[in-house]
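S.K.: Starting from these lines, generate the structure:
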Amino acid sequence: MTQAVEKGICFRLGGERYIHPLSSVKEVLSYQSPAPVPGAGLGVEGIIDVRGHMVTVLYGTHLLNLNPDECEEEGHIIVLDLPAGYFGIRVEGVERVMDLPENNDDHGLEYRDNGCIQGTIQHDDELYILVEFNDYCSALD
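M.R.: Purely as a prediction, here's the structure:
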């Protein structure tokens with residue numbers, strides 16, 4: 001039996017369940033349409049103002065190399081508080097917070113070449129894909 005060392009926030013995107021460490025999550029918002037940013041990079045939906053902080057909203061589908069046509073249009077924005085600033089990740093829905101086990105399975109993920117994917121977690125007969133967006137967001141200009 002593994003011991004929980006951290007908590008994670010569970011969300012849905014493209015028919016799969018994902019989990020991101022809670023340590024960098026500032027809050028979860030209901031979806032609101034961001035203001036477009038001229039010249040923004042691929043994957044940037046726009047910016048929103050959250051209590052005086054400018055939050056760059058990114059498409060979760062872009063971060064995880066998913067087909068946007070297979071995902072719902074609206075849902076939630078997971079706001080991350082990172083040293084590089086505030087970033088919002090657009091997802092279909094947020095389900096819950098759960099414990100992250102100390103060890104995760106990092107095998108069998110060859111089908112998706114993506115630096116955000118860290119491994120998988122089996123919980124209550126459900127498979128969750130462990131993701132970490134911090135490095136990707138910190139690398140944005």
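S.K.: what residue is smack in the middle of the chain?
M.R.: residue 89 (5.3 Å; C-alpha atoms, centre = their mean).
S.K.: and the lowest-mean-pLDDT helix or strand in the chain, what does it pack onto?
M.R.: In the chain, no helix or strand scores lower on mean pLDDT, DSSP states H and E than helix 134-138, which sits at a mean of 82. Judged by 3 or more C-beta pairs under 8 Å, 6 or more residues apart in numbering; DSSP states H and E, the packing partners of helix 134-138 are strand 76-82. (Each C-beta comes from the backbone N, C-alpha and C, glycine too.)
S.K.: what are the pairing partners of the strand it packs on, and which direction each?
M.R.: As defined by DSSP bridges, the strand partners of strand 76-82 come to strand 25-30 (antiparallel), strand 85-91 (antiparallel).
S.K.: on that earlier part again, ok now the least confident helix or strand of the chain, how far from the chain's centre?
M.R.: In terms of C-alpha atoms, centre = their mean, to the nearest Å, the centre of helix 134-138 is found 11 Å from the chain centre.
S.K.: what's that helix in contact with?
M.R.: 24, 56, 58, 63, 80, 82, 83, 84, 87, 115, 116 (C-beta atoms under 8 Å, 6 or more residues apart in numbering).
S.K.: What is the nearest of these to residue 15?
M.R.: residue 63 (16.0 Å; C-beta to C-beta).
S.K.: Which residue ranges of this protein form helices?
M.R.: 60-63, 134-138 (DSSP state H).
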